[in-house]
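>>> dropping a prediction and its sequence here:
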Amino acid sequence: MNVNSIQFSTLYNSLIFQSLPKIPILDHVKGLIEAYKTKFVTEENIIISAKWLIEKISQLEDFSIQRECFCRLLKLEVEEIQNLIVRDATSFLNFTTIFYDIQHEQAQELIDLERIVSEIMEAKLTSGQFNFLVPICIIYQRILEHLWLLPYLEFGNHCSNLLAQNKDSILNNMKGWIESLYQLANEKKIEFFIPKNVENSVLRLFEPLSETVAKEIEEQKSAIHKNRKLPLEFLTTMADFYEKQGDFPCAISYAKALLGILTKEFPEMSQNKGLFNKVRMIHENLATWNKSLKQYQIATYHSKEALKITEALNELHEVFIYLKNIGSFYAMQGQGDCALFFYSEAQTIAQNLTDPKIKSRTLVDLAEVYLSLDKNEEAVQCYQDALSLTIERIEQAHIYTRIGHAQANAQRYQTAEEAYHDALNILPPDNFLEAIKIHENLATLFNHLDKYETAIFHAEKILELTQHPSVQIDESQVLNSKFGALTTLGKIYTTIEDRRKGLDYHTQALSVAEKLKTFSEYLGPVYTNLGATSYYLKSDSESINYYIKALEITEDRLKRAKLLINLGHAFYRCGKFSEAVKHYKEAVEISDKTEIKSSSFNGLGLCYINLGNEKKAIQSFENFVCLSQELRNRRKKAIGYHNLGVLYSKTDASLAKKHYQKSIDVYATLHQELKSHHHWQIIFFEEQVKPLLCLEFLFLQQAKNEKALQITDFRRSRALVSAPTEKFQFQKNNSFFSSGLTSQNMQALAHKMSTCLIVYSFASENMDSITIWVIPPEGKITCQQLPLGILKEEFEEATYVFQTFPFIIEPTVAKRRLFLRPKKTRGSTTHAFLDELTRGDPDESTDSAVLKSFKNRLSLWYEALIAPIESYLPKDPQQVVTIVPDGFLSQIPFAAFLDKEGKYFIEKHPISIAPSIEILKLLDEIPKKFSIHSLVIGNPTTLYSKDSLPFAEKEAQKLVSPLLKTAPERILLQNNATVQHVVEGMRNARWIHFACHGLTEAKPEEKLDSHSVFEGLFKLAPDESHPQGYLHAQEIAALTLHSELVFMSTCFSGRGKLHGEGSVGPVWSFLAAGALSTVATYWRLPDSDLILQMVDTFYRHFLGIEVKKLNKAQALQKAMLMAIAQKREKPHLWGAFFLSGLSE
């Protein structure tokens, strides 16, 4: 390239031009770039110099020098200058300059430009400076386009030979930056078509054209050389070629040029129908291509232009199509009202068309627009009208699915579910892709309704269907569906507090997203979900990192606001209150949505409390309550009232009480609405119990002990009270169930039952004390607040302490389970105690030191829980003491508590355990209409031969059955003791006796439902509906029984999962089913003769066979006293049994 011939006078001094000898302009460009790189001068001087140079370059006559100068100047990373350069450089490389390159044999110059721009792109991508990268890619692509066309338009092989010589160099240049360009597309920083089109432009240089296109260009080559311009046919050929290549930007540039020439040269097109149609087709293509590039506004313009021509030609069917297209473009822009206008116009025309398919599709399109505008009634009507015109089953299924979506949108959830099932029923069985979509809708619906088990079923069904070979063809759809299903499962398991499983599903979702071409679109949601799950797992730093990652790539303002709220929550829990405040405020700044403001105010209130700004905290919580009311979100409203109560509790007790009560009332309404769902009542109560505990503590601080007593009983067993209330309708309108028992009601019940009630409560804010009420049948109710002492640590670690309580294994026992030690934490004495009691081989004789340690613990419990109130207990040793425990106290053996004289508590009084006083009153009011039948289950044949229990079979067959006079067909032994037989037999049994294995569902495979609130099962003989032979506590709770007593002579039958509701296991389930009393066990039972003697003693005294008839508590006391006489020093062998429910 000869640059020396181009000289002119220039002003140059430190790039501020002065009078200097004439030098080539290209050298000025290189000097300016060098000065920019070395930062030799200020940016202001660079801009002045660059503008001067651009003006001078534009005055040059040598076209190739102009192009090179502009391309080199792209190295200047100054926005003001790059705008000018891109504008001018692009004009020197459009299709009109191709003939110049042919005429002046510019192949080598274009190869040089390719290298220059390629180096600029690599430098930008390496340094992470992505501004103006897209325009530079376009310039690079234009250079390559010229290089590609020259061999086909030249006469000779000069250009072809040059390209062949430089092939390796050009391909190597691309290798330096193409992966980085694709990475940017994956990160959603540029559109995916940009790297794809650039790469194709490079590869196209070295690939032969199709025979058809090559022939068309060859035919036009002579005309191009002769007329020195590109003919219309060539522009048409190139536009069609780029369309087929998927390079819509290039196709658009040729089509626009073609359109410009046609409309300029033939203004009177209306007189030429063929030309008219050609212009319409170009507009149609431009609309389609711009739509593909998501340039909907431009697409709308071209469709409208095509519509004008079509209306002029009076082609009704084509008018109909363009109206629909314009409607769809407006819908894509979120302009629903405009979309509705054009779709309605199309629908008017469709009514006059004869094809029912066209009418149906138009109605579906119109329905979609109504749906986007939340006009659900209109949408449903359009769908139903479309359905009446549709014959194909696949289309019918699709329309039913959309009806379901519209009904769900209108909150008519039952109707939505029916529509989705109609879709499934009508769908051909081999259409797995459409089935996946329907299951996706059902999973979303049930997840929204908090019906998690059903939602999980549909999500897992999606994963199953995606494995079918016929579905694998559409990899993108399969991956999308997998991602959605895994995300749904992750959210559900996170919600139901199986956080680890939730994290696992979200991690799997991330792996699937990485395989998608549009990976970047999924990153935001994935990081958000991982952040939420990590937050629930209390991995705060991980949660914050995920939320920040999501924030960096999320553009939607509402989603960003939600992320900022979540970040605020995470920083709050880390104790970084000022940082949390900043994020809560920023969320409100970018979104005025009420839900965002609501969450922000609640978070701000909590932060201001910790920052000592009470005034701002009150204001924030009051705003939170108001906005929650506006949102009609009663749960948030209840939370707001509770937070205000906590705040006022430090300064104004009356206002604290007022707000606690408001919170309780709102929660009570919500709880009542869940009355048919024990699972959700129990989960929900974990939150609902908070204002109740606070109000109880407030009353205790004010010495209003009887009011506190009413609250403490009311906050227990709410779901348990609800269960028999629903099953025995006579109770439904009794106002007692909504307000709880007063202290007078409690004492009246104690008098009626001839029992002394002892109520324990952990209501202290710091959990450092326990409150005990003693309610005698007559006389004064006593209340004492006592320090927890040794119990404090056990309260904090109750979840671990009672996993395998009481930690004793008797060497002579025939059947037992191996014990797995829980991990020690913090070197606590509790875990040291656990380890002490479980050390050594289980076949060794029990160490006397272990027994001594266990008995010491029983003594400490007596001192902490019984000794302080001993003087208030009944003087009559036959009067029953009914204990109402709180929290983990429901899992410890009160009967085996040991006083200083070595006397067990059961030796002083008969003992009964009750979940609450309210449930006792309810059970007492259930009609005592019993059948004459009993049911006895003994030694079921389980799946494992080692489970055989010979003593248990003897207990059932030889001992209990004769005492209860059980009919032979109702004695279920071995193979006959199936789950189905047992359940059927229990429905009309007065007395039910289990002598079999019991488990706590410690292993995943033992669980009926991994997220169940229940714990505990019986191992029975398997049947068709229960292949493992497990009868779970969860299944028992759903039954309706009329039983006076259920005796569970099984391991762990008295255990349960601890909740605010209480201990939820087999005892809870049988009481919920309608049984009046249960005898159960805290720990494993030996399959021994001692147990047989205890069971025999109990039944003989309870039934009055050969001895005086006693109530159930007294009968159980007699059984224990008999065992104590034989094994006084081994309380673990007899102390497991306890009575719950009614004593009489």
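Sure thing, it's come through. All figures in this text were calculated on a predicted structure; none of them were measured in a lab. Numbering: from 1, shown residues only.

>>> run through the bridge partners of residue 940.
Applying DSSP bridges to residue 940 gives these bridge partners: residue 974.

>>> quick check: it touching residue 979?
No - the pair residue 940 and residue 979 fails to qualify as a contact (CB atoms under 8 Å) at a distance of 9.0 Å. Where C-beta positions appear, they are placed from N, C-alpha and C, glycine not excepted.

>>> intersection of neighbour lists for those two?
1020-1021, 1029 (CB atoms under 8 Å, 6 or more residues apart in numbering).

>>> before we move on, back to that, of residue 940 and residue 979, who's got more company?
Neighbour tally, residue 940 and residue 979, criterion other CB atoms under 10 Å: the higher count belongs to residue 940, 32 against 24.

>>> show me the shaky parts of the stretch 551-700 of the chain.
By pLDDT under 70, the low-scoring segments of the stretch 551-700 of the chain are 673-680, 683-684.

>>> do that again at 50, thanks
Residue ranges of the stretch 551-700 of the chain with pLDDT under 50: none are present.

>>> could you point out which of the shared contacts of residue 940 and residue 979 is nearest to residue 925?
Nearest to residue 925 out of these is residue 1020 (CB to CB; 32.2 Å).

>>> okay, now that closest one: neighbour count?
26.

>>> could you tell me which residues make contact with it?
By CB under 8 Å, 6+ apart, residue 1020 lies in contact with 937, 940, 942, 977-979, 982, 996, 1026, 1029-1031.

>>> now it: how far from residue 941?
For residue 1020, the distance to residue 941 equals 9 Å [CB to CB, to the nearest Å].

>>> same thing with residue 224?
Applying CB to CB, the value for residue 224 to residue 941 is 93 Å.

>>> residue 272 now?
Taken as CB to CB, the span from residue 272 to residue 941 is 93 Å.

>>> max-length helix in the chain?
Longest helix of the chain, by residue count under DSSP state H: helix 678-701.

>>> let me know the next secondary structure element after it.
Remark: after helix 678-701, the chain's next helix or strand is helix 705-714, criterion DSSP states H and E.

>>> surely residue 484 meets residue 439?
No - Residue 484 is beyond contact range of residue 439, at 10.0 Å (criterion: CB under 8 Å).

>>> need the overlap of contacts for those two.
Shared contacts of residue 484 and residue 439 (CB under 8 Å, 6+ apart): residue 462.

>>> ok so, going back, determine the residues that are contacts of both of residue 1020 and residue 941.
Shared contacts of residue 1020 and residue 941 (CB under 8 Å, 6+ apart): residue 977.

>>> grab the nearest non-local neighbour of the residue nearest in space to the middle of the chain.
Central residue of the chain (CA atoms, centre = their mean): residue 491, 1.6 Å from the mean position. The shortest distance from residue 491 to any non-neighbouring residue, by CB to CB, 6 or more residues apart in numbering, is to residue 529 (6.6 Å).

>>> let me see the confidence value for that neighbour.
Note for residue 529: predicted pLDDT of 82.

>>> for it, what is the enclosing helix or strand?
Applying DSSP H and E as the criterion places residue 529 in helix 519-536.

>>> give the buried residues for that helix.
Neighbour-count burial for helix 519-536 flags 519-520, 522-536 (criterion: 16 or more other CB atoms under 10 Å).

>>> can you give me the strands in the stretch 801-950 of the chain?
For the stretch 801-950 of the chain, the strands defined by DSSP state E, counting those that start in this stretch occupy 880-884, 911-913, 934-940.

>>> how many other residues sit next to the closest residue to residue 948 other than its chain neighbours?
Among residues not flanking residue 948 along the chain, residue 939 sits closest, at 6.6 Å (CB to CB, 6+ apart). Residues near residue 939, counting by other CB under 10 Å, number 25.

>>> wait, residue 939 touches residue 995, no?
Yes - contact criterion CB under 8 Å: residue 939 and residue 995 qualify, at 6.8 Å.

>>> overlap of the contact sets of the two?
Contacts common to residue 939 and residue 995, judged by CB under 8 Å, 6+ apart, are 949, 952-953, 956.

>>> the residue nearest to residue 491 and residue 505, how far apart?
Using CB to CB, one gets 9 Å for the distance from residue 529 to residue 505.

>>> which residues are common contacts for the two?
487, 490.

>>> any regions of the stretch 351-500 of the chain where pLDDT drops low?
In the stretch 351-500 of the chain (pLDDT under 50), no residue qualifies.

>>> show me where the stretch 201-350 of the chain dips below the pLDDT cut-off.
The model of the stretch 201-350 of the chain has no residue with pLDDT under 50.

>>> can we see that at 80?
The stretch 201-350 of the chain contains residues with pLDDT under 80 at 227-230, 263-274, 276, 334, 336, 343, 347, 350.

>>> where do the helices sit along it?
With DSSP state H, counting those that start in this stretch as the criterion, the stretch 201-350 of the chain has helices at 211-227, 232-245, 248-265, 273-292, 296-313, 316-332, 336-350.

>>> elements contacting the first one?
For helix 211-227, the contact count by 3 or more CB pairs under 8 Å, 6 or more residues apart in numbering; DSSP states H and E identifies helix 98-103, helix 133-153, helix 232-245 as packing neighbours.

>>> closest to residue 1079 out of the shared contacts of residue 940 and residue 979?
In terms of CB to CB, no member of the shared contacts of residue 940 and residue 979 lies closer to residue 1079 than residue 1020, at 18.8 Å.

>>> could you pull up phi and psi at that closest one?
phi -110, psi -180 (degrees, to the nearest 10).

>>> circling back to that earlier point, just the closest of the shared contacts of residue 939 and residue 995 to residue 1094, please.
Nearest to residue 1094 among the shared contacts of residue 939 and residue 995, with distances taken as CB to CB, is residue 952, at 13.1 Å.

>>> which non-adjacent residue is nearest that closest one?
Distances taken as CB to CB, 6+ apart place residue 995 nearest to residue 952, at 3.9 Å, with adjacent residues excluded.

>>> and the one you found, how far is that from residue 617?
Going from residue 995 to residue 617 by CB to CB gives 59 Å.

>>> out of these two, which sits in the more crowded spot?
Between residue 995 and residue 617, counted using other CB under 10 Å, the more crowded position is residue 995 (30 against 22).

>>> quick check: the more buried one vs residue 1002, distance?
Using CB to CB, residue 995 is found at 22 Å from residue 1002.

>>> one step back: is it possible to export the strands of the stretch 801-950 of the chain to TSV including mean pLDDT?
Shown next, in TSV, are these (pLDDT from 0 to 100):
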stretch	mean pLDDT
strand 880-884	97
strand 911-913	97
strand 934-940	94
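
>>> most tightly surrounded among those?
Greatest average neighbour count among the strands of the stretch 801-950 of the chain goes to strand 934-940 (a mean of 27), per mean count of other CB atoms under 10 Å.
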